[in-house]
Each structure stands twice: as structure tokens, then as C-alpha cells.
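1. Starting from these lines, generate the structure:
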Amino acid sequence: FPSNRLRDYMLTYLTNIDKINTHIIPHVAHSMFFTPKESIKHEKLKLLHAGNVRYPRDPKNFLKALSQVVKSSGYENSIECMFIGQFSDDFIKIVNDLDLANIVSYKSGVSYNDIIETQKSFDMSLIIEAICDEGIYLPTKVADSIQGGLPVFCVSPLKGTQHDLVDLYEIGYFADNTNIDDIYVKLITAIDDFRNHSLPIIAKDKVPYFFEEYADNKYKEIFDELLNNM
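-> Sure thing, here's the model as predicted:
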């Protein structure tokens with residue numbers, strides 16, 4: 001299973017599987033896909049959201065918080081955000097109504113390799129999840145971001161996998177996706193850290209959980225268990 005929470009949820013109906021016989025292995029791609037991130041000094045914090053922002057995901061709370069940020073004294077020209085993927089019918093209207101047309105850019109989906117190449121020129125990966133009681137998934141783009149050297153800004157359920165990972169591995173920032181004020185505060189924190197050159201540093205030796213060596217070792221454990229039980 002890619003996350004503890006997804007495993008625990010699925011075992012509520014996969015009742016023939018004993019929890020002790022499960023393993024947690026995150027979605028990872030081989031590092032051959034990831035060349036070193038470009039060293040670019042931006043004047044603004046640049047966020048990239050790669051993936052759909054349509055039902056059940058809803059970007060409204062993030063966009064409202066972003067609008068508050070760019071209207072705050074000293075933060076008018078502090079951030080920009082690109083969305084790549086599919087959008088809800090009212091996405092562009094919301095962007096325009098909130099006066100974010102100069103802050104938010106967007107384009108339709110591109111290939112996986114193009115996303116990996118594009119993220120090299122950004123400072124942080126934006127993750128927006130659906131509002132729900134518990135976030136049980138590990139979006140593939142979380143691991144893609146970490147493998148590409150980008151910290152994450154997760155707008156996710158308060159109780160969920162992304163909150164767990166940010167707290168455990170210090171890979172970025174977490175904001176409650178139901179709370180506009182919390183998203184605003186965390187955006188301000190991220191911008192301040194960017195200005196102070198203190199964004200979380202992502203490196204394989206610091207967060208091996210997201211790299212193929214970790215997955216490889218876990219699979220070896222599984223195969224060894226199987227062989228020993230034959």
C-alpha cells in the first residue's frame with residue numbers, strides 16, 4: 001500500500017488480510033527521470049500545481065487565501081502560481097473575480113516527462129486535495145516533487161497522509177484545506193522562508209522514504225519473507 005491510512009481503510013473490507021502481512025511503499029519513479037534541479041534565483045516564490053483542480057478537488061479556498069496574501073502589505077509581488085491540468089468550469093472566473101490574473105497562470109495537461117522538466121524551474125510544488133474527513137491517499141505528484149528536489153505546499157485534510165508526511169519528514173508546509181486563514185498564514189510563512197533562503201532542503205539522504213532505494217529494500221523484504229515461508 002502507498003500509505004498507512006489507505007492501508008488501514010482498505011483493511012476494513014479486505015478482512016482476509018492481516019495487517020502484519022502488509023507493507024507501506026510509496027509511489028516512486030526511478031531517479032533516471034530526474035536530472036538536477038536548476039539553480040534559479042527568483043524574485044517571487046514560484047508554485048506549481050500539476051494535476052486536475054476539478055471535482056472532487058476544489059481550489060477555491062487556496063485561491064481566496066492567495067488573494068489575501070497579495071493584498072497584504074509587503075507581499076503584493078511576492079508569489080506566483082501555475083496550474084497545469086484540467087480545471088473546473090468556474091476556475092478561470094474565480095481567478096479573475098479575485099484579481100489574480102497576474103498571479104495565477106494555467107494551461108492544459110502535458111505529458112509526465114514535461115511535468116518533470118517544468119518543475120525544475122519552480123521553487124515549490126502545490127498539492128490541493130479534496131475536502132474530506134480523512135486524507136488517505138499519497139498523490140503521485142508528492143513523490144515526484146520530492147524526487148525532483150521541490151518542497152511541497154499541501155492544502156489537504158487536517159487528518160491525513162500529507163499532514164503526516166510533512167510533520168514526519170519536514171518536506172514542506174501543510175495547511176488545512178477547509179481553513180482559508182490557515183492557508184493564508186502558511187503561505188506567508190513559506191514566502192518569508194523563501195525570502196530568507198530557508199525553504200526546506202530536499203535531499204535523498206534526508207528523506208530516503210521517497211526514493212527508489214527505499215522501495216527496492218522493501219520489495220526485497222517481501223521476497224525474502226515469501227522465500228522463507230515456502
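2. three-state assignment of residue 82?
-> strand (DSSP: H, G, I helix; E, B strand; the rest coil).
3. What distance do you get for the nearest residue to it once chain neighbours are set aside to residue 73?
-> Once flanking residues are discounted, residue 82 sits nearest to residue 105: 4.8 Å by CB to CB, 6 or more residues apart in numbering. Just so you know, the C-beta spots here come from the backbone N, C-alpha and C atoms, and that holds for glycine as well. In this view, residue 105 and residue 73 are 24 Å apart by CB to CB, to the nearest Å.
4. neighbour-wise, which of these two wins?
-> residue 105 (13 against 5; other CB atoms under 10 Å).
5. Would you double-check that residue 25 falls in a strand?
-> No: counting by three-state DSSP, residue 25 is located in no strand; its state is coil.
6. is it true that it touches residue 216?
-> No: applying CB atoms under 8 Å as the test, residue 25 and residue 216 come out as separate, 9.6 Å apart.
7. Using the centroid of the protein, identify the residue furthest from it.
-> Seen from the C-alpha centroid of the chain, the residue lying at the greatest distance (CA atoms, centre = their mean) is residue 230, 40.1 Å away.
8. Residue 222: helix or strand, and which one exactly?
-> Residue 222 is located in helix 212-228, with elements delineated by DSSP states H and E.
9. cool, and residue 105?
-> With DSSP H and E as criterion, residue 105 is part of strand 104-107.
10. What number of neighbouring residues does residue 63 come out with?
-> Quick note: residue 63 (other CB under 10 Å) scores 24 neighbours.
11. actually residue 128, sorry about that
-> For residue 128, using other CB under 10 Å, the count is 25.
12. Just read off the phi/psi values of the nearest residue to it once chain neighbours are set aside.
-> Setting aside the residues directly before and after it, residue 128 is nearest to residue 155 in space (CB to CB, 6+ apart), at 4.8 Å. Backbone torsions for residue 155, taken as degrees, to the nearest 10, come to phi -110, psi 90.
13. got it, and residue 204?
-> Dihedral angles for residue 204 - degrees, to the nearest 10 - are phi -60, psi -40.
14. Distance of the nearest residue to it once chain neighbours are set aside relative to residue 139?
-> Leaving aside its sequence neighbours, residue 204 sits nearest to residue 211 (CB to CB, 6+ apart; 5.1 Å). Here residue 211 is placed at a distance of 17 Å from residue 139 (CB to CB).
15. And the strands in this protein?
-> Along the chain, counting by DSSP state E, strands occupy 45-50, 79-84, 104-107, 124-128, 152-156, 172-176.
16. Please convert these to a markdown table, extending it with distance to residue 118.
-> Output for the strands of the chain, formatted as a markdown table (distance: least, CB to CB, whole Å):
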| stretch | distance to residue 118 |
| --- | --- |
| strand 45-50 | 7 |
| strand 79-84 | 7 |
| strand 104-107 | 10 |
| strand 124-128 | 11 |
| strand 152-156 | 16 |
| strand 172-176 | 18 |
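17. Single out the most deeply packed of those.
-> Greatest average neighbour count among the strands of the chain goes to strand 152-156 (a mean of 27), per mean count of other CB atoms under 10 Å.
18. by contact count, what packs against it?
-> strand 124-128, helix 140-147, helix 161-169, strand 172-176, helix 180-195 (3 or more CB pairs under 8 Å, 6 or more residues apart in numbering; DSSP states H and E).
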